[in-house]
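Visitor: build me a structure from this.
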Amino acid sequence: MRSDHQRLNSLAAIAALAALVGAAAPAGAAVQIVINNTNAAGVGFNDTTPATPVGGNTGTTLGQQRLIAFTYAANIWGATLTSSVPIVINAQMTGLTCTSSSATLGSAGATSTFANFANAPKVNTNYSYALANKLAGAYLGTLNAAQISANFNSNLGNTGCLDGTYWYLGLDNNHGANIDFVTVLLHEMGHGVGFQTFTSGSSGAFSGGRPSIWDWYLMGTSTGLLWKDMSAAQRVASAISVNGLVWTGPLVTADVPNVLRQGVATASISGPASGGAAGTKAVGEASFGPAVTTTPLVGQLMPVVDQADGNTGLACDPLSAANRNAVRGNIALIDRGTCTFAIKVKNAQNAGAIGVLIANNAAGAAPGLGGSDPTVVIPALSVSQADGIALKAALKARARTTSGVIASMAITGTQYAGADPLNRALLYAPNPFVSGSSVSHYDISAFRNQLMEPNINGDLTHSLLPPEDLTFRLLQDTGW
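Guide: Have a look, this model is predicted:
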């Protein structure tokens, strides 16, 4: 059969698979993985800054530890995937987009897509380079060419780049409040081997006029159509449908009950002063601190106010005496922005709050609260910007220590968190569309948190399989 391929012109926020050049595959490994370190001498993976061995990582320089962590993550994938064709990645570490409270951790993608190759399960369908090689049983394109290109943020923790948060380079996932490098590598490798669509979610256009293998399993619940069968306009609408984009692959669906929690987190608002804010709110959950349970945490809602507008509280610094009096023994309402979620919740905890609601600062669904801090011992949820505005309006008439607005945080219902009523896993489809994140990730409502959500959560394990994770099940649905 004719072999068609298209070279990608840009890298999405997705990723790769790797191991050291010449490194032996682990016992029982099913695929050989090779990394081409493209950093110049002295930087990135070649950084000679002295480092103390940590968490089973025996490297004595920063570059060595980064490469050892890369090898460790690659070995996990190598023992999971099956292919007779080596997977090659070009990898580097450079400075990526950062602010003091956020950072792009990595950016990568397949270097080419292929269709209509020998043994292709579906005709006129785009497959990622590594998956196409696996299915063809041979290198497609140039022999030994890299199938994946990846770049990771070398500035993490520097001033202006997620200040005070660093890469944890140990192999034991004991990262504390820092970001586990192995987990990020596993996430990016998942994208690189095919956890993505090559169809544009913003324009709805197929790449090269062909659907991706993903599009055979992506369904818009409002139309009941798969992406491969939709018009471009229907795909655009589906990509911003919030909770209306599902994965129909049978392997993922079968394991949803074995991985995701039954019951959805909610925040119910009541009380004599609740007014238009009353009702049950959809929420995002935190990856740090205790999870909410079926036993409601009930408390009076009190806002943190620490900005000049008198209606906004960021809680990025220890709370003032007035705010401490307001939140003590109550549930604190805090605005998103400026600093990390974990810092906000810890400051509220230190002031005596029993729980936290964080109001989003942008339109769209309530965000998941990523981050990590093992010292946080109170639960936190997020609400949408619209719900936050309604809550702050209801709280304007509060007294110094009472509000008459009651919040109840709990798990309710029997639906699986991160799935629809038919147990089909939700894909990330926020409104507005988020380039590099929308469609090619599991939804942030998934709980337990999943490796292939758009944000790295602090409670993730290094597993790709049930009962912890659904990553490999989705890849199996596509042909792995």
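
Visitor: helices of the stretch 251-400 of the chain, start to end?
Guide: Listed in chain order, the helices of the stretch 251-400 of the chain (DSSP state H, counting those that start in this stretch) span 321-327, 341-350, 385-394.

Visitor: turn these into JSON lines, columns for mean pLDDT and mean neighbour count.
Guide: For the C-beta atoms, the positions are set from N, CA and C on the backbone; glycine is no exception. Listed next are the helices of the stretch 251-400 of the chain as JSON lines, based on pLDDT from 0 to 100; neighbours: other CB atoms under 10 Å:
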{"stretch": "helix 321-327", "mean pLDDT": "96", "mean neighbour count": "19"}
{"stretch": "helix 341-350", "mean pLDDT": "96", "mean neighbour count": "24"}
{"stretch": "helix 385-394", "mean pLDDT": "96", "mean neighbour count": "19"}
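
Visitor: of those, give the one that comes closest to residue 131.
Guide: helix 341-350 (35.1 Å; CB to CB).

Visitor: before we move on, back to that, in CSV: the helices of the stretch 251-400 of the chain, plus distance to residue 158.
Guide: Output for the helices of the stretch 251-400 of the chain, formatted as CSV (distance: least, CB to CB, whole Å):
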stretch, distance to residue 158
helix 321-327, 31
helix 341-350, 18
helix 385-394, 30
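
Visitor: of all these, which lies closest to residue 81?
Guide: Set against residue 81 and scored by CB to CB, the helices of the stretch 251-400 of the chain come closest in helix 341-350, at 33.6 Å.

Visitor: that closest one - contacts with which helices or strands?
Guide: Packing partners of helix 341-350 (3 or more CB pairs under 8 Å, 6 or more residues apart in numbering; DSSP states H and E): strand 331-335, strand 355-359, strand 380-383.

Visitor: output the last one as PDB - backbone C-alpha positions only.
Guide: Going back to what we said before, that points to strand 380-383. Below are the C-alpha coordinates for strand 380-383, written out as PDB (Å, rounded to 0.1, in the frame of the first residue of the first chain):
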ATOM      1  CA  ALA A 380     -10.100  22.900  48.900                       C
ATOM      2  CA  LEU A 381     -12.400  23.100  45.900                       C
ATOM      3  CA  SER A 382     -12.800  25.700  43.100                       C
ATOM      4  CA  VAL A 383     -15.800  27.300  41.600                       C
END
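
Visitor: okay, now the sheet partners of that strand, with direction.
Guide: Partner strands and pairing direction for strand 380-383 (DSSP bridges) are strand 284-285 (antiparallel), strand 355-359 (parallel).

Visitor: what does the first one give?
Guide: Within its sheet, and counting by DSSP bridges, strand 331-335 is paired with strand 297-303 (parallel), strand 355-359 (parallel).

Visitor: and this structure, what are its domains?
Guide: Annotated domains of the chain cover 4-194, 197-260+417-480, 262-416 [automatic domain parsing].

Visitor: sorry, back to before: would TSV of the strands paired with strand 380-383 with mean neighbour count and distance to residue 193 be doable?
Guide: As requested, those are exported to TSV (neighbours: other CB atoms under 10 Å; distance: least, CB to CB, whole Å):
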stretch	mean neighbour count	distance to residue 193
strand 284-285	24	28
strand 355-359	27	34
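
Visitor: looking at those strands, which one has the lowest mean pLDDT?
Guide: Among the strands paired with strand 380-383, strand 284-285 has the lowest mean pLDDT, at a mean of 94.

Visitor: which residues sit against that one?
Guide: Contacts of strand 284-285 with the rest of the structure, by CB atoms under 8 Å, 6 or more residues apart in numbering, involve 265, 291-292, 365-369, 381-382, 417, 444-445, 447.
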